[in-house]
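J.: Mind looking at a prediction? Sequence and model below.
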Amino acid sequence: MTTTHNLGFPRIGAQRELKKALESYWRGDIDTEAVAEIGRELRARHWQLQQAAGLDLIPVGDFSWYDHILDMSAMLGAVPERFQWSGEQVDLDSYFRMARGRAPSGEPAAACEMTKWFDTNYHYIVPEFSPGQEFRLSCNKLFDEVAEAQALGYRVKPVLPGPLTYLWLGKTRQGDFDKLELLDTLIPVYSEILLRLKEQGVEWVQIDEPILSLDLPPAWRNAFESAYNRLQLPGLKRLLASYFGPLQENLTLACRLPVDGLHIDAIRGGEELDTLLSWLPGYKVLSVGIVDGRNIWRTDLGSALQQLAAIKEKLGERLWLAPSCSLLHVPVDLAQESSLDDEIKSWLAFATQKTEEITTLRQALDEGHETVAERLELARNAIAARRSSDRIHHQAVKARTATVSEAMGRRSSSYQERSPKQRAWLKLPLFPTTTIGSFPQTAEIRQARQDFRQGRIYEADYCQRMQEEIALVVEKQEALGLDVLVHGEPERNDMVEYFGELLDGFAFSRYGWVQSYGSRCVKPPIIYGDISRPEPMTVDWATYAQSLTDKPMKGMLTGPVTMLNWSFVRDDQPRSETCLQIALALRDEVLDLERAGIRIIQIDEAAMREGLPLRKGDWAAYFEWAVGAFRITASGVADETQIHTHMCYSEFNDIIESVAGMDADVITIETSRSDMELLQAFEDFEYPNEIGPGVYDIHSPNVPSVEQIVSLLRKAASLIPAERLWVNPDCGLKTRAWPEVEEALEKMVTAARLLRS
Ligand code: GLN
Ligand code: ZN
């Protein structure tokens, strides 16, 4: 018999129950017992659902109140000093204080950092290690949940991040030391955890080491062997799980480690299966991650079975089946979906359906295809229909991408030639001031959008409300004395969703929520078909805004790479092809804006960096098409038209060359939190075009002082020639409130004026 399991199930709940419970608890509306009860219900429901689908081993420990890496920090007692933790058990409020800086009880302190979980849009809480860091078993959550699941009768498989991955993801505080040195103090606590699990009667434990799909320094690779040698415990079997990419040079290492089984991501590393089979020792189980845990498409069960048959032949009972990674990264249940039509729905599978796919595969393998003939046929038909559907394939779109020329990705002149032509008509002062695009999304704006969506007001009324808002922000910007204005984006609820809804080839689910961090979820658009633009998307708003002022109005678009990276993408063509289709649609929009008299156009690429592959060796290929797509979007315009781009993060050192390769006339970036330090990368590289380093942090309601801004700008001017500097906030202002925005922008304009004189 083949064993089936899940690496993890989404914890947020089909109706985002966890989100709602957490937020009520933080607000003080419900107490610890009430929130604990909601957690218990969610766990019980998800275990039951997986059991009912027919899984053999049910994951426990994948549920988390905030984040599974933070859970590990709590379990290990790795609580930074500033949280004044008693050193006993890490209670729920100490845990929340680490995550968010505050909780219903206890003294607030600066929250721990949060960062991206590998190449997903999930964010984890970064462990902090200080010199002499100790670890001690400090939280029983995992053991309690194991007991809870056992009491309900489930055959459980606890899951926890492995020691190497845990250390790798952490950061060192105070003094630079090699965090790998902490392994010696860490391993005994892991041993203790394993012992406790064994005493609870656990047979298998899953230890996640996804860093095996990264480029690892030799010392880290070497550390694996000794760590896992020390983590042996007769009577408890360990499944080592790697995912998110092929193992490559870590393959033999992973096969050799003294554990009882290995899980691999056969979606992203399927080509390694043969090599793996030849290296895998005869006593080990191989868990094949055959269902895509990172995307929402229905599995082609037929071809999966073909692939698996040969492996089954070789491994027999040692073959296990699972999704490629935890299902944390997909929505919970397609069945409740009400806003996707039946045809699109028939192509999709969310976590619940993916779990069922795993058990269907098992049954077909073990008991013969005929025992699940109906389900296999359903899958086959859906796959075939998707392949040939005319909702997906549009000849005109494909023909257009096929004829894209190199020249389409090049402005007709260099920045040096374009710049004087732009300056000639723009006539901007030194240190020109602008903003990143959005202004506060007030309750009234959101209400109007909702009223319109739900049919309570007519389109004409909605447009009028938005125009009023645009008029208001134009007036405010003029009063503030800003140099380049924006329309404020009141009509956009989200920078990707807005465009996705206006483009062909995108679909939107109603409940397709995926956890982004803590209680925050995102609902990524689904790119299912060839992308085209039925009609202009922003021209009316932009020209209306321009009609209200003599100052230049900046058009505002979301770039192709960001649209792609924040969506679920097609798996039937390369990402680069989808990106190019978006780029061409946006190129038309850029040209329409230009024709309509909008001669500064910003193309936001907030997620350019997020799309970076995990392995450095793959970066060049990514940038080639990603930067290429941006350039296709931007390059159709005349020399006089000024292209801006915006990126909101603070790490440019290793990507600066590609950023320069985008050849935007102006780039605005986030710099204030790093005290302009990141401009160093631009100076070192001699970044040739104009830069607007963010002079104040929009993530906090604090209003900067004029002196602070002046000093930041002085610092910037010491690194970048003043004639190439712009003055702007770090990012869009939509999450802020008007009073602080007006005050901050007033200070910003004053600072720019001071510097000019
Ligand atoms: N133009 C967008 C805004 O101002 C940019 C947002 C972003 O970069 N995340 O909101
Ligand atoms: Zn931004």
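T.: Sure, I can see it. Ligands and ions are numbered 1, 2, ... in the order given.
J.: can you tell if stretch 572-592 touches ligand 1?
T.: No - under the criterion of Cβ under 6 Å from any ligand atom, ligand 1 is not reached by stretch 572-592; the shortest gap measures 14.0 Å. C-beta coordinates here come from the backbone N, C-alpha and C atoms, glycine included.
J.: which of the residues in that stretch are buried?
T.: 572, 575-576, 578-592 (16 or more other Cβ atoms under 10 Å).
J.: same check, this time on stretch 720-737
T.: 720, 724-734, 736.
J.: just the CA coordinates of that stretch, formatted as PDB?
T.: Output of stretch 720-737 as PDB, limited to C-alpha atoms (Å, rounded to 0.1, in the frame of the first residue of the first chain):
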ATOM      1  CA  ILE A 720      23.800  61.100  -6.200                       C
ATOM      2  CA  PRO A 721      24.200  64.400  -8.200                       C
ATOM      3  CA  ALA A 722      21.500  66.800  -7.100                       C
ATOM      4  CA  GLU A 723      20.200  67.400 -10.600                       C
ATOM      5  CA  ARG A 724      19.200  63.700 -10.700                       C
ATOM      6  CA  LEU A 725      17.400  63.700  -7.400                       C
ATOM      7  CA  TRP A 726      13.600  63.700  -6.800                       C
ATOM      8  CA  VAL A 727      11.800  64.200  -3.500                       C
ATOM      9  CA  ASN A 728       9.000  61.800  -2.600                       C
ATOM     10  CA  PRO A 729       7.700  59.600   0.200                       C
ATOM     11  CA  ASP A 730       8.700  55.900   0.400                       C
ATOM     12  CA  CYS A 731       5.500  54.500  -1.100                       C
ATOM     13  CA  GLY A 732       1.900  55.200  -1.800                       C
ATOM     14  CA  LEU A 733      -0.200  56.900   0.900                       C
ATOM     15  CA  LYS A 734      -3.400  54.900   0.700                       C
ATOM     16  CA  THR A 735      -3.200  53.300   4.100                       C
ATOM     17  CA  ARG A 736      -2.600  56.700   5.900                       C
ATOM     18  CA  ALA A 737      -5.000  59.300   7.100                       C
END
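J.: How about that stretch and ligand 1, touching?
T.: Yes - with Cβ under 6 Å from any ligand atom as the criterion, ligand 1 is reached by stretch 720-737 at 731-732, 734.
J.: Assign a three-state SS to residue 530, would you?
T.: Three-state assignment for residue 530 (DSSP: H, G, I helix; E, B strand; the rest coil): strand.
J.: now swap in residue 332 and tell me
T.: Assignment for residue 332 (three-state DSSP): coil.
J.: right, and it touches residue 351 too?
T.: Yes - using Cβ atoms under 8 Å, residue 332 is in contact with residue 351, at 5.2 Å.
J.: which of the two has more neighbours?
T.: Applying other Cβ atoms under 10 Å to residue 332 and residue 351 shows that residue 351 carries more neighbours, namely 28 against 25.
J.: what number of residues lie near the residue lying closest to the more buried one once chain neighbours are set aside?
T.: Closest residue to residue 351 apart from its sequence neighbours, by Cβ to Cβ, 6 or more residues apart in numbering: residue 327 at 4.0 Å. Around residue 327 there are 29 other residues, counting by other Cβ under 10 Å.
J.: near ligand 2, which residues of this structure show up?
T.: 648, 731 (Cβ under 5 Å from the ion).
J.: picking up where we left off before, next, show the common contact partners of residue 332 and residue 351.
T.: With contacts defined as Cβ atoms under 8 Å, 6 or more residues apart in numbering, the residues shared by residue 332 and residue 351 are residue 10.
J.: lowest-confidence helix or strand of this structure?
T.: Lowest by mean pLDDT, DSSP states H and E among the helices and strands of the chain is helix 679-685, with a mean of 90.
J.: residues of that one that come out buried?
T.: Buried positions in helix 679-685, judged by neighbour count with 16+ other Cβ under 10 Å: 679, 681-682.
J.: and of these, the nearest to residue 509?
T.: Nearest to residue 509 among these, counting by Cβ to Cβ, is residue 681 at 38.6 Å.
J.: For ligand 1, see how far away the closest one is.
T.: 19 Å (Cβ to the nearest ligand atom, to the nearest Å).
J.: Report the contact partners of residue 421.
T.: Residue 421 touches 639-640, counting by Cβ under 8 Å, 6+ apart.
J.: could you point out which element follows the strand or helix carrying it?
T.: If you go by DSSP states H and E, residue 421 is part of helix 415-426. Sequence order places helix 443-453 as the next helix or strand after helix 415-426, per DSSP H and E.
J.: Going by neighbour count, which residues in that following helix are buried?
T.: Quick answer for helix 443-453 (16+ other Cβ under 10 Å): 445, 448-449, 452.
J.: any chance of the residues you listed in TSV, plus pLDDT?
T.: As requested, the buried residues of helix 443-453 are exported to TSV (pLDDT from 0 to 100):
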residue	pLDDT
445	96
448	97
449	94
452	96
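J.: which one of those sits closest to residue 246?
T.: Nearest member of those to residue 246, counting by Cβ to Cβ, is residue 449, at 43.6 Å.
J.: I figured that closest one hits residue 493, correct?
T.: Yes - between residue 449 and residue 493 there is a contact at 6.0 Å, judged by Cβ under 8 Å.
J.: Could you check how far residue 589 is from residue 536?
T.: Residue 589 sits 6 Å away from residue 536, going by Cβ to Cβ, to the nearest Å.
J.: Could you report the distance from the residue in the chain that ligand 2 sits nearest to to residue 678?
T.: At 2.5 Å from ligand 2, residue 648 is the closest residue in the chain, using Cβ to the ion. Residue 648 is 12 Å from residue 678, where distance means Cβ to Cβ.
J.: swap in residue 616?
T.: Distance, residue 616 to residue 678, using Cβ to Cβ: 20 Å.
J.: who's more crowded, the two?
T.: Using other Cβ under 10 Å as the criterion, residue 616 and residue 678 rank with residue 678 on top: 20 against 11.
J.: pretty sure the more buried one is touching residue 651, no?
T.: Yes - at 7.2 Å, residue 678 counts as touching residue 651 under the criterion of Cβ under 8 Å.
J.: how many neighbours does the closest residue to residue 546 other than its chain neighbours have?
T.: In space, and not counting its chain neighbours, residue 546 is closest to residue 553: 4.0 Å by Cβ to Cβ, 6+ apart. Residues lying near residue 553 (other Cβ under 10 Å) number 27.
J.: Could you do residue 314 as well?
T.: 14.
J.: how near is the spatially most central residue of the chain to residue 351?
T.: The centre of the chain sits closest to residue 121, judged by Cα atoms, centre = their mean, with a distance of 1.5 Å. In this view, residue 121 and residue 351 are 16 Å apart by Cβ to Cβ.
J.: What ranges does the stretch 151-300 of the chain have for its strands?
T.: With DSSP state E, counting those that start in this stretch as the criterion, the stretch 151-300 of the chain has strands at 156-161, 171-172, 204-208, 237-241, 261-265, 285-291.
J.: Buried deepest among these, which one?
T.: strand 261-265 (a mean of 27; mean count of other Cβ atoms under 10 Å).
J.: Could you export that strand as PDB, CA atoms only?
T.: Extracted C-alpha coordinates of strand 261-265, given in PDB (Å, rounded to 0.1, in the frame of the first residue of the first chain):
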ATOM      1  CA  GLY A 261      12.400   9.100   4.600                       C
ATOM      2  CA  LEU A 262      12.800  12.000   2.200                       C
ATOM      3  CA  HIS A 263      10.100  14.200   0.700                       C
ATOM      4  CA  ILE A 264      10.800  16.000  -2.500                       C
ATOM      5  CA  ASP A 265       9.000  18.500  -4.600                       C
END
